[in-house]
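# generate a structure from the sequence data that follows.
(one chain, ligands or ions: 1)
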Amino acid sequence: MGLNVVIVGATGAVGVEFMNVLERRNFPIAQLTLLASCRSAGTTLRFKGRDVVVRELTKDAFIGQHLALFSAGSGVSKEYRQACVEAGCLMVDNSSAFRMEDGVPLVVPEINPGEAVKALQKNGGKGVIANPNCTTIIALMALAPLHRVAGIKRLVAATYQAASGAGHAAMVELQESTRDFLDGKPVVPKVLPHPYAFNLFPHNSPMTANGYCEEEIKLQKESRKILADDSLRITATCVRVPVLRTHAEALNVEFHRPITVEHAYALLRESVGVTVLEDRASNRWAMPTDVAGKDNVYVGRLRRDLSQDNTLELWVVGDQLLKGAALNAVQCAEVALVGKLAANSA
Ligand code: A2P
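Take a look at the predicted model:
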């Protein structure tokens with residue numbers, strides 16, 4: 001048996017990864033339909049060694065489909081939600097459109113897999129699973145195993161975020177602006193608000209009234225929803241750095257109950273989807289170049305915060321396009337429709 005699967009935003013940075021992940025994990029597909037804007041209609045993309053033609057997204061595209069993986073921005077998700085759900089097609093949405101909506105499950109399958117099936121429940125299921133923000137998924141993959149044991153009281157996060165979070169065009173901008181910089185040409189930003197080559201800047205998501213940008217607010221609100229704990233205190237400074245597709249995060253975590261560094265390492269070593277990578281003696285820790293293209297979230301540099309009791313520091317690195325987006329979404333679909341969470345390829 002196979003499922004009819006639609007990718008909305010197939011030509012984008014996440015869209016292409018949806019295809020790679022579906023193929024790699026041998027997701028049971030009867031038919032794959034690729035959709036994007038009219039700009040891409042007629043182009044082809046490779047799936048399982050064959051060319052598949054990209055079609056323009058229309059409201060009738062969901063009829064007869066079982067699963068739609070959306071990554072074409074919030075506006076598109078909002079516009080096409082009704083057509084998708086009314087066609088009886090499960091929507092797994094990578095945008096922020098519905099993440100905080102009551103009744104829409106916000107799922108990281110290693111953490112709250114039971115939520116995924118709620119999307120399809122007869123009474124009250126909304127037919128939508130929201131894929132969390134990439135920075136939030138990557139942080140929580142490392143934090144949830146520790147939270148279960150010691151209870152997180154407060155998180156202070158500093159993030160180092162890749163271009164891919166701003167889409168394919170931002171990745172191209174990073175490459176082209178780096179070339180221009182090295183050629184001595186002026187670097188003119190088009191997609192991102194500031195010159196990107198050999199530079200970094202506070203995250204470019206919209207600023208809110210309290211001085212936090214939306215990305216920082218997402219980490220706070222989405223973490224509370226996923227961990228089902230409204231008492232979590234979270235503050236963050238999110239920064240865009242000139243890296244193509246892998247986010248890094250420095251996390252300072254205060255716990256309600258004592259937890260040793262050794263215990264935290266042991267918990268992380270046995271966590272599904274997490275790899276501990278470090279060589280303390282040579283000061284070598286996971287870097288974006290180690291983790292790009294990897295399914296797992298990599299952690300290390302665990303140490304006791306010398307300035308405060310019950311507090312650990314840790315370093316977390318994850319591929320923004322995989323666990324931060326496409327992989328997590330496909331895993332949600334596996335849990336909801338296929339009934340299993342297949343093993344990652346580490
Ligand atoms: P297209 O390539 O035709 O513009 P990214 O996140 O990398 O920027 O990719 C965004 C994805 O969303 C692309 O596949 C893009 O298609 C698609 N997209 C953007 N706007 C629309 C729209 N109005 N209708 C359908 N797909 C859209």
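
# number of residues surrounding the spatially closest residue to residue 87 that is not a sequence neighbour?
Nearest residue to residue 87, sequence neighbours excluded (C-beta to C-beta, 6 or more residues apart in numbering): residue 62, at 3.9 Å. Any C-beta I mention is one placed from the backbone N, CA and C, and that applies to glycine too. By the criterion of other C-beta atoms under 10 Å, residue 62 has 26 neighbours.

# likewise residue 230?
Residue 230: 8 surrounding residues under other C-beta under 10 Å.

# contacting residues around it?
Taking C-beta atoms under 8 Å, 6 or more residues apart in numbering, we find residue 230 in contact with residue 224.

# pretty sure it belongs to a helix, no?
No. Counting by DSSP: H, G, I helix; E, B strand; the rest coil, residue 230 is not part of a helix but coil.

# name the nearest residue to whichever residue of the chain sits closest to the ligand, sequence neighbours excluded.
The chain approaches the ligand most closely through residue 12 (2.2 Å), counting by C-beta to the nearest ligand atom. The spatial neighbour of residue 12 that comes closest, neighbours along the chain excluded (C-beta to C-beta, 6+ apart), is residue 168 at 5.4 Å.

# with residue 255 instead?
Nearest non-adjacent residue to residue 255, counting by C-beta to C-beta, 6+ apart: residue 150, 3.9 Å away.

# now do the same contact list for that neighbour.
Contacts of residue 150 (C-beta under 8 Å, 6+ apart): 255, 256, 257, 258, 259, 310.

# returning to that earlier point: ramachandran coordinates for the residue nearest to residue 87?
phi -90, psi -10 (degrees, to the nearest 10).

# just to revisit the earlier point, take the contacts of residue 150 and keep only those in strands.
residue 255 (DSSP state E).

# restrict the contacts of residue 150 to the buried ones and give me that as a ChimeraX selection.
Buried members of the contacts of residue 150, defined by 16 or more other C-beta atoms under 10 Å, are picked up in ChimeraX with:
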select :255,259,310
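
# surely residue 295 meets residue 323?
Yes. Counting by C-beta atoms under 8 Å, residue 295 sits close enough to residue 323 to count as a contact (6.3 Å).

# mutual contacts of those two, please.
Common neighbours of residue 295 and residue 323 (criterion: C-beta under 8 Å, 6+ apart): residue 273.

# looking at these two, which is more packed in?
Ranked by neighbour count (other C-beta under 10 Å), residue 295 and residue 323 place residue 323 first, with 26 against 21.

# tell me the contacts of the nearest residue to the more buried one once chain neighbours are set aside?
Spatially, and ignoring its direct neighbours in sequence, residue 323 is nearest to residue 297 (5.6 Å; C-beta to C-beta, 6+ apart). Taking C-beta under 8 Å, 6+ apart as the contact definition, residue 297 lies against 138, 141, 142, 273, 274, 275, 316, 317, 318, 323.

# same check, this time on residue 173
The contact partners of residue 173, by C-beta under 8 Å, 6+ apart, come to 163, 189, 190, 191, 192, 196.

# whichever of these end up buried, select them in ChimeraX.
Buried residues among the contacts of residue 173 (16+ other C-beta under 10 Å), as a ChimeraX selection:
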select :163,189,191,192,196
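
# which of the contacts of residue 173 sit farthest apart?
By the measure C-beta to C-beta, 163 and 190 form the most distant pair in these, at 12.8 Å.

# domain boundaries for the protein, per the record?
Residue ranges for the domains of the chain, per automatic domain parsing: 3-131+325-345, 135-320.

# would the longest one count as contacting the ligand?
Spelled out, it's domain 135-320. Yes. Judged by C-beta under 6 Å from any ligand atom, domain 135-320 and the ligand are in contact via 167, 168, 169.

# chain neighbours aside, what residue packs nearest to the first one?
Okay, so that is residue 167. Nearest to residue 167 is residue 13, by C-beta to C-beta, 6+ apart, at 5.5 Å.

# just give me the neighbour total for the one you found.
24.

# before we move on, what about residue 92?
For residue 92, using other C-beta under 10 Å, the count is 25.

# verify the stated contact: residue 127 with residue 84.
Yes. Assessed by C-beta under 8 Å, residue 127 is found in contact with residue 84 at 7.5 Å.

# what about those two, which has more around it?
Neighbour totals were compared for residue 127 and residue 84, and residue 84 leads with 25 against 19 (other C-beta under 10 Å).
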